[in-house]
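>>> Let's see this in three dimensions:
(chains A, B and C)
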Amino acid sequence: MKTKRLTLVTVVAEAVLEPQLCELVKAEGATGFTVTPARGEGSRGLRAGLDGGNVRVEAIVSDTVGEAIVTRLAERYFANYAVIAWLTEVSVVRGEKYLRS
Amino acid sequence: MKTKRLTLVTVVAEAVLEPQLCELVKAEGATGFTVTPARGEGSRGLRAGLDGGNVRVEAIVSDTVGEAIVTRLAERYFANYAVIAWLTEVSVVRGEKYLRS
Amino acid sequence: MKTKRLTLVTVVAEAVLEPQLCELVKAEGATGFTVTPARGEGSRGLRAGLDGGNVRVEAIVSDTVGEAIVTRLAERYFANYAVIAWLTEVSVVRGEKYLRS
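Next up is the predicted model:
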């Protein structure tokens, strides 16, 4: 089956930010996302969050949407929150399900 | 240490599908897999699943096995289930442990 | 915003090894890491661990640190433990936060 090149964006942040992060990811163009509970330690010391945990939010998006998401995250959160994010090149089948029509 | 290029296949689906997904991943040639509990929202609306959650299944495989897994998943599940899957190029050391002998 | 190419190192192992793995990852140069609870099945049979689970440890690092981490893991654990690890090329914004100054 033919594969399509897309981008996986992964965000790790304090769990208290989850609703805001999911809103941002969708607002920038993701059609869906996956949330995994996590714990972390980072350059700001323990990324424990107020409620004792981190979340890992993932979405498969176009390259353009991926860059928009990490740019917006950096602008809005990097100065004051323990948020990290990265982009990975991935391949999918039936790529249209990850793109806004 | 010398690294070897392999493929990471990641599948996110309703938790109720976990046994079937793990079976499929092994049947197509994976020597092992990792399962992480998750939650999701997707183009089919909430991917909550009957038992309230999603799973994220990952396996390191050869490129050929990775493509076989996502093709089979698409054929079997994409029409009727909220299943997503992607392939990522990765590097490992001691690559032989991920390949069927 | 300008992106920087870095490496994501992912380690999956028995949960009992978590403190040692996090120590190793930091000792080799990571500035932070994310831990996710997981379950697994591998070429050594069930990777259930003594306390019933696996952990998935992730860190964003330089290419050099990533290779040092997987090499050290292989030397120290692969012969006797169900540890797997892989490196993925990723892109980040504000890359300096992931590198030791």
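
>>> C-alpha only now, for contacts and for neighbours.
Will do.

>>> From A:R100, how far out is the residue of chain A found nearest chain B?
Residue nearest to chain B within chain A: A:G32 (3.8 Å; Cα to the nearest Cα). Between A:G32 and A:R100 the computed distance is 10 Å (Cα to Cα, to the nearest Å).

>>> quick one: which of these two has more around it?
A:G32 (24 against 11; other Cα atoms under 10 Å in any protein chain shown).

>>> elements contacting the helix ranked longest in chain A?
Across chain A, the longest stretch assigned as helix under DSSP state H is helix A:63-77. Contacts defined by 3 or more Cα pairs under 8 Å, 6 or more residues apart in numbering or on different chains; DSSP states H and E place helix A:63-77 against strand A:3-14, strand A:84-93, strand C:84-93.

>>> possible to save the ones you listed as CSV with mean pLDDT, mean neighbour count and distance to C:T10?
Rendered in CSV, the data for these read as follows (pLDDT from 0 to 100; neighbours: other Cα atoms under 10 Å in any protein chain shown; distance: least, Cα to Cα, whole Å):
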stretch, mean pLDDT, mean neighbour count, distance to C:T10
strand A:3-14, 96, 22, 13
strand A:84-93, 96, 24, 13
strand C:84-93, 96, 24, 5
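
>>> Same list, those strands, but as a markdown table with distance to A:E75 please.
As requested, the helices and strands packed on helix A:63-77 are exported to a markdown table (distance: least, Cα to Cα, whole Å):
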| stretch | distance to A:E75 |
| --- | --- |
| strand A:3-14 | 14 |
| strand A:84-93 | 12 |
| strand C:84-93 | 10 |
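
>>> Is it possible to get JSON lines of these that adds distance to chain B?
Formatted as JSON lines, the helices and strands packed on helix A:63-77 follow (distance: least, Cα to the nearest Cα, whole Å):
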{"stretch": "strand A:3-14", "distance to chain B": "8"}
{"stretch": "strand A:84-93", "distance to chain B": "5"}
{"stretch": "strand C:84-93", "distance to chain B": "5"}
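
>>> quick one, which of these is nearest to A:L73?
In terms of Cα to Cα, the element of those nearest to A:L73 is strand A:84-93, at 8.0 Å.

>>> Can you list the neighbours in contact with the closest one?
The contact list for strand A:84-93 (Cα atoms under 8 Å, 6 or more residues apart in numbering or on different chains) reads A:1-13, A:66-67, A:70, A:73, A:78, B:70-71, B:74, B:85-89, C:88-93.

>>> Mind doing that once more with 7 Å?
A:1-13, A:66, A:70, B:70, B:85-88, C:89-92 (Cα atoms under 7 Å, 6 or more residues apart in numbering or on different chains).

>>> ok, which residues in chain A are in contact with chain C?
Residues of chain A lying near chain C by Cα under 7 Å from any Cα of the partner chain: A:37-43, A:70-71, A:85-88.

>>> Thank you, goodbye.
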